[in-house]
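Colleague: take this sequence and fold it.
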Amino acid sequence: MTLAKCALIVIAGLIFYFGIEFYTKMEVDSIAERTVVTQKRLIALQQEAFRSESDMIAALIFDGDLKKEMFEAFRDEARRGTIRQQLLERYRPVYEKLSKLGLRHLQLHLPDGSSFLRVHNARYSGDSLLFRPSIASVIREHKPVYGFEIGRYGGAYRAVYPLFHEGVYVGSAELSFSFNILKKAIEEVSRGACRLVLAFDGDLLKKSLDGKMLEGYRPCAVDPAFMVKKEMYHVTRILQEKRYRADLIPYREFFTILEEEKASEPVFYVASFIPLKLISGREGGYYIVIHRDKGAIAQVMAVANIAYFALGLLVLVSLVLTIMVHIYRLKAHAANIDALTGIYNRRGCLKQLKNGDRRYALLYIDIDHFKQINDKYGHERGDLVLKEVVHIISAHIRKDDVFCRHGGEEFLLFVANAAEPQAAAIAEKLRKHIQIHRFEEVGNITVSVGIAIRERNESIGSLIARADKNLYKAKNDGRNRVVSEAKKDEE
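Modeller: Take a look at the predicted model:
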């Protein structure tokens, strides 16, 4: 029973433990999910800002004169060198000013998709850019294209605008902004709580980048199939220290929560992985955002730790109290049990009989010539005889009967709700069972029984005294017999 109670306490403790764990995970995940939503909004807002800035710049600098000159370059291949130089002289000062504000590339393309002028790198021109989805889309749709794209010299947020002169498509103009601008903006908004890095699909990067440009990248700490710029690798420090690994394919949005163990106080980070969508419509990498929690997660964890401690203490105290109560009951039970035979002793017997004014017939049983058994066969054999007698009697009594050892070779059997004839029949049956039983080494033994019926409000002591008188008569009459008060009156 005690083992069952301890098991129930442990099971209840485990249920509460998993309940605390579930609640803590729900709260922490909720904080992390809100963090990811905020980061996605900031990225989306910054991308929208790139688009607005690009449209504003394009409206100011891609004027009718540019479109006319691009028309001339398209129509007259011989004059392209001259026109390219004129446009470079015109746009270089503009590019130098805008580059300080975050503009990375300013480029013009011919209608066939070849590069006509890279203002940011005028030495290279004439190469086809049709491998870039943005250029192919503008040529095909004649509509502006916005988004992130990886070219020969790295990835950037690009805006490509179709150019028309008198209704004729004469090429396109491109503005692009470095990822560092978005990174800086988000980190400033978060007041340093966020660190942002781009992890690109390694296969895509190898197909798109110039060989020398590829040297500036290294495998991502989370998944070596992805690559990050060497100069930004330090952003993933916490991921490296915790040896966090994950397969980034297939693409999906997810997060993990990491704890910095070196800190004097618990510091938690939410590492978010937000897929990077390219102009082509496919995913090409991840925004990895490392957000340093400002205390919300630490607070939830602190409350959870207190709850764990309190639960552990409660379970421990409950187990100790249960075991102590069990030990107390065992000791109390042992005080009421005869150590040799395992039945009640006199004290235990009286304790069982103390409730109410129940009607009992008392059988006072004594083993005949028991002293001779001890003297002849020894006390160990005598103890075995006592145990066997108890076993025989116990096998023939009812649940409501109270059986105890009164002392030595004497036993008391209180038969519940029994009149004298019934008590005499029970006593006679027990006497015969004992008489025919063959005890090892000793052989056959007999018992004498004195019977008394409890009168109304009679004390147990008085009842025992009357039964003892009848037992005395049974002994005097030759032993191995039952003497009741009715039988005594008849004589």
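
Colleague: was I right about residue 179 contacting residue 158?
Modeller: No - contact between residue 179 and residue 158 fails when scored by Cβ atoms under 8 Å: they sit 11.5 Å apart. The C-beta positions use only the backbone N, C-alpha and C, and glycine is treated the same way.

Colleague: who has more neighbours, the two?
Modeller: It is residue 158, of residue 179 and residue 158, that has more neighbours when counted by other Cβ atoms under 10 Å, with 25 against 20.

Colleague: tell me the SS of the more buried one?
Modeller: strand (DSSP: H, G, I helix; E, B strand; the rest coil).

Colleague: show me the contacts for the nearest residue to it once chain neighbours are set aside.
Modeller: Spatial nearest neighbour of residue 158, excluding adjacent residues (Cβ to Cβ, 6 or more residues apart in numbering): residue 176 at 4.4 Å. With contacts defined as Cβ atoms under 8 Å, 6 or more residues apart in numbering, residue 176 is in contact with 103, 104, 105, 107, 156, 157, 158, 159.

Colleague: give me the distance between the residue nearest to residue 231 when sequence neighbours are not counted and residue 112.
Modeller: In space, not counting the residues next to it along the chain, residue 231 is nearest to residue 216; the distance is 7.5 Å by Cβ to Cβ, 6+ apart. From residue 216 across to residue 112, the span is 31 Å (Cβ to Cβ, to the nearest Å).

Colleague: hmm, back to that, and of the contacts of residue 176, the nearest to residue 253?
Modeller: residue 157 (19.9 Å; Cβ to Cβ).

Colleague: wait, what's in contact with that closest one?
Modeller: If a contact means Cβ under 8 Å, 6+ apart, then residue 157 has 47, 50, 146, 147, 148, 176, 177, 178, 179, 182 as its contacts.

Colleague: ok, 10 Å please
Modeller: 46-47, 49-51, 53-54, 102, 104, 146-149, 175-179, 181-182, 279 (Cβ atoms under 10 Å, 6 or more residues apart in numbering).

Colleague: which residues do residue 179 and residue 158 both contact?
Modeller: 104, 148.

Colleague: of the contacts of residue 157, just the buried ones, PyMOL syntax please.
Modeller: Typed into PyMOL, the line below selects the buried ones among those, using 16 or more other Cβ atoms under 10 Å:
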select buried, resi 46+47+50+51+53+54+102+104+146+147+148+149+175+176+177+178+179+181+182+279
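
Colleague: can you pick out the ones from the contacts of residue 157 that are in helices?
Modeller: When DSSP state H is applied, the contacts of residue 157 are split such that 46, 47, 49, 50, 51, 53, 54, 179, 181, 182 fall in helices.

Colleague: reformat those residues as JSON lines; add distance to residue 117 and pLDDT.
Modeller: JSON lines is the format used below for these (distance: Cβ to Cβ, whole Å; pLDDT from 0 to 100):
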{"residue": "46", "distance to residue 117": "28", "pLDDT": "89"}
{"residue": "47", "distance to residue 117": "26", "pLDDT": "90"}
{"residue": "49", "distance to residue 117": "26", "pLDDT": "90"}
{"residue": "50", "distance to residue 117": "22", "pLDDT": "91"}
{"residue": "51", "distance to residue 117": "23", "pLDDT": "93"}
{"residue": "53", "distance to residue 117": "21", "pLDDT": "91"}
{"residue": "54", "distance to residue 117": "18", "pLDDT": "94"}
{"residue": "179", "distance to residue 117": "24", "pLDDT": "88"}
{"residue": "181", "distance to residue 117": "23", "pLDDT": "86"}
{"residue": "182", "distance to residue 117": "26", "pLDDT": "86"}
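
Colleague: any idea which of those residues is closest to residue 83?
Modeller: residue 54 (23.8 Å).

Colleague: for that closest one, give its distance to residue 160.
Modeller: Taking Cβ to Cβ, one finds residue 54 at 9 Å from residue 160.

Colleague: who touches both of those two?
Modeller: Shared contacts of residue 54 and residue 160 (Cβ under 10 Å, 6+ apart): 144, 146, 174, 175, 176.

Colleague: and the furthest pair within those?
Modeller: 144 and 176 (13.3 Å).

Colleague: need the residues touching each of those two.
Modeller: With Cβ under 10 Å, 6+ apart, residue 144 and residue 176 have common neighbours 54, 134, 159, 160.

Colleague: from the residues you listed, which two are the most distant?
Modeller: Farthest apart among the shared contacts of residue 144 and residue 176 by Cβ to Cβ are 54 and 134. That separation is 12.3 Å.

Colleague: give me the common contacts of those two.
Modeller: 144, 146, 158, 159, 160, 174, 176.

Colleague: quick one: the third one and residue 173 touch, right?
Modeller: No - counting by Cβ atoms under 10 Å, residue 158 does not reach residue 173; the two are 11.1 Å apart.

Colleague: find residues that contact each of these two.
Modeller: In contact with both residue 158 and residue 173: residue 107, using Cβ under 10 Å, 6+ apart.

Colleague: where in the stretch 1-150 of the chain is pLDDT low?
Modeller: 1 (pLDDT under 70).

Colleague: and the strands in it?
Modeller: 103-109, 115-118, 145-151 (DSSP state E, counting those that start in this stretch).

Colleague: got those strands as CSV, with distance to residue 350 columns?
Modeller: Below are the strands of the stretch 1-150 of the chain laid out as CSV (distance: least, Cβ to Cβ, whole Å):
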stretch, distance to residue 350
strand 103-109, 101
strand 115-118, 110
strand 145-151, 93
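
Colleague: looking at these, which is nearest to residue 39?
Modeller: strand 145-151 (16.0 Å).

Colleague: what's the angle from that closest one to strand 103-109?
Modeller: With axes from the mean of the first three to the mean of the last three Cα atoms, to 10 degrees applied, the angle from strand 145-151 to strand 103-109 works out at 100 degrees.

Colleague: can you show me the CA trace of strand 145-151 as PDB?
Modeller: C-alpha atoms of strand 145-151 as PDB (Å, rounded to 0.1, in the frame of the first residue of the first chain):
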ATOM      1  CA  VAL A 145      11.800  44.100 -61.300                       C
ATOM      2  CA  TYR A 146      12.700  44.300 -57.600                       C
ATOM      3  CA  GLY A 147      14.300  41.800 -55.300                       C
ATOM      4  CA  PHE A 148      17.400  40.000 -54.100                       C
ATOM      5  CA  GLU A 149      19.600  38.500 -56.800                       C
ATOM      6  CA  ILE A 150      23.100  36.900 -56.900                       C
ATOM      7  CA  GLY A 151      25.300  38.000 -59.800                       C
END
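
Colleague: same for it, what does it pack against?
Modeller: helix 2-61, helix 133-141, strand 154-165, strand 168-177, strand 194-201, helix 202-208, strand 267-277, strand 283-292 (3 or more Cβ pairs under 10 Å, 6 or more residues apart in numbering; DSSP states H and E).

Colleague: please repeat the previous calculation with a cut-off of 7 Å.
Modeller: Helices and strands touching strand 145-151, by 3 or more Cβ pairs under 7 Å, 6 or more residues apart in numbering; DSSP states H and E, are helix 133-141, strand 154-165, helix 202-208.

Colleague: mind checking which of the ones you listed is nearest residue 377?
Modeller: Per Cβ to Cβ, nearest to residue 377 of the helices and strands packed on strand 145-151: helix 202-208, 94.1 Å.

Colleague: pull the residues that contact that closest one.
Modeller: 150, 151, 152, 214, 217, 225, 226, 227, 284 (Cβ atoms under 7 Å, 6 or more residues apart in numbering).

Colleague: all set now, cheers.
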